[in-house]
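Student: sequence and predicted structure are below.
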Amino acid sequence: MVGLLSACRRRWKWIAFALLLLALLLGWKAWVDTMDDPVVRRAEIALPGLAEPVTVALISDIHVAGPDMPPSRLARIVEQVNALEPDVVMIAGDLVSEKRTATHIYAPAEVVAPLGELRAPLGTVLVPGNHDHWFDWPALRAEAEAAGIRILQNEAAVIGPLVVGGVDDAYTRRDDLSETLRQMRGLEGGRLILTHSPDVTPQVPADISLVLAGHTHCGQIRFPLLGAPATMSRYGDRFACGVVEEGGKTVVTGAGLGTSLLPIRFGTRAEIWVVELVPDISGKT
């Protein structure tokens, strides 16, 4: 009997040790996924109407807030983006986070200041996200404009060889795709939609073949085999992550830089997308 009890104790000690080791490994992975430098992902996309190649750096979901995304960390990421030498930087919304788990909420000027250091010949273009509207969008917009960032809210602009339609946030129902398309009409260049949520994609007409978006964080927490508990998209995983080609359109949905709700990533990494746009020689218009 004594031997049996001793064997049980040893077994439980090994089980406890294994569980502790597993917890440490999971904690280490969550730390790396949350705090490591963003992964640079690349795509080359042929864009109808484009007269010359252009390199786009796409970032989104910055969510400046403590503990995981102070302005100092964003400043380092800006240096990483600049080192990629893009022609234009596009930000698909959510500069801030007001999550309840935040250890520090930063003022709009502190949030935007690092973004003012982005360097690209064609500038930086921004559409707002849901957290920007929930926080203080007028103040964020004023700071961004003072930093030289071009804001598009259901508007279109010619950016070098591109015609960019910037659609406001669909999650908070501020999107007006029809007005954006109206403003794009008649402008010359390779046409694309920049928006926070990829959920506008099914309504984008066939003659616009590219949508750049964020919002989903690729799930932020994504378990092996099980996937992500939530993507904050009405379409689930359909447009949730990376490059998706559907119905003649290409959607690039970035995983973002920061976090929302919880200051943790697991199974997903922060991302900078470098999208090399090249003229479409297939004859599409």
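Tutor: Here it is on my side, so go on. Just so you know, these numbers come straight off a predicted model, no measurement behind them.
Student: switch to C-alpha atoms for all contacts and neighbour counts from now on
Tutor: OK.
Student: all helices of the stretch 51-200 of the chain, in order?
Tutor: 71-83, 108-112, 130-135, 137-146, 177-184 (DSSP state H, counting those that start in this stretch).
Student: and the first one, how far from the chain's centre?
Tutor: When C-alpha coordinates are averaged (C-alpha atoms, centre = their mean, to the nearest Å), helix 71-83 and its chain have centres 15 Å apart.
Student: how near is D168 to L126?
Tutor: 10 Å (C-alpha to C-alpha, to the nearest Å).
Student: quick one on the thing from earlier: how about CSV for the helices of the stretch 51-200 of the chain, with mean pLDDT, mean neighbour count and distance to G242 added?
Tutor: Output for the helices of the stretch 51-200 of the chain, formatted as CSV (pLDDT from 0 to 100; neighbours: other C-alpha atoms under 10 Å; distance: least, C-alpha to C-alpha, whole Å):
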stretch, mean pLDDT, mean neighbour count, distance to G242
helix 71-83, 98, 17, 18
helix 108-112, 98, 21, 26
helix 130-135, 96, 20, 20
helix 137-146, 98, 17, 27
helix 177-184, 98, 18, 22
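Student: for those, give me TSV that also has distance to G248.
Tutor: Shown next, in TSV, are the helices of the stretch 51-200 of the chain (distance: least, C-alpha to C-alpha, whole Å):
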stretch	distance to G248
helix 71-83	29
helix 108-112	36
helix 130-135	28
helix 137-146	34
helix 177-184	18
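Student: so which of those is nearest I59?
Tutor: helix 71-83 (9.0 Å; C-alpha to C-alpha).
Student: what about G186, how many residues nearby?
Tutor: As a burial measure, G186 scores 9 neighbours (other C-alpha atoms under 10 Å).
Student: quickly note the distance from it to L122.
Tutor: In terms of C-alpha to C-alpha, G186 sits 21 Å off from L122.
Student: if we can go back for a sec, out of the helices of the stretch 51-200 of the chain, nearest to S260?
Tutor: helix 130-135 (9.2 Å).
Student: so what secondary structure elements neighbour the closest one?
Tutor: With contacts defined as 3 or more C-alpha pairs under 8 Å, 6 or more residues apart in numbering; DSSP states H and E, helix 130-135 has no helix or strand neighbours.
Student: roughly how far is it from the heart of the chain?
Tutor: Centroid separation between helix 130-135 and its chain, computed with C-alpha atoms, centre = their mean, is 15 Å.
Student: same deal with stretch 66-77?
Tutor: 15 Å.
Student: what does it rub up against?
Tutor: Outside stretch 66-77, the residues within contact range by C-alpha atoms under 8 Å, 6 or more residues apart in numbering are 34-35, 37-38, 62-65, 102-105, 110-111, 113-115, 258-259, 263.
Student: count of neighbours near D168?
Tutor: D168 - counted by other C-alpha under 10 Å - has 28 other residues nearby.
Student: residue contacts, it?
Tutor: Applying C-alpha under 8 Å, 6+ apart, the residues near D168 are 127-129, 152-154, 174-176, 195-196.
Student: strands of the stretch 1-150 of the chain, start to end?
Tutor: 39-47, 54-59, 88-91, 124-126, 150-151 (DSSP state E, counting those that start in this stretch).
Student: could those strands go into a markdown table alongside distance to T216, mean neighbour count and mean pLDDT?
Tutor: What follows is the strands of the stretch 1-150 of the chain, written out as a markdown table (distance: least, C-alpha to C-alpha, whole Å; neighbours: other C-alpha atoms under 10 Å; pLDDT from 0 to 100):
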| stretch | distance to T216 | mean neighbour count | mean pLDDT |
| --- | --- | --- | --- |
| strand 39-47 | 16 | 16 | 98 |
| strand 54-59 | 13 | 23 | 99 |
| strand 88-91 | 14 | 25 | 99 |
| strand 124-126 | 17 | 25 | 99 |
| strand 150-151 | 21 | 18 | 98 |
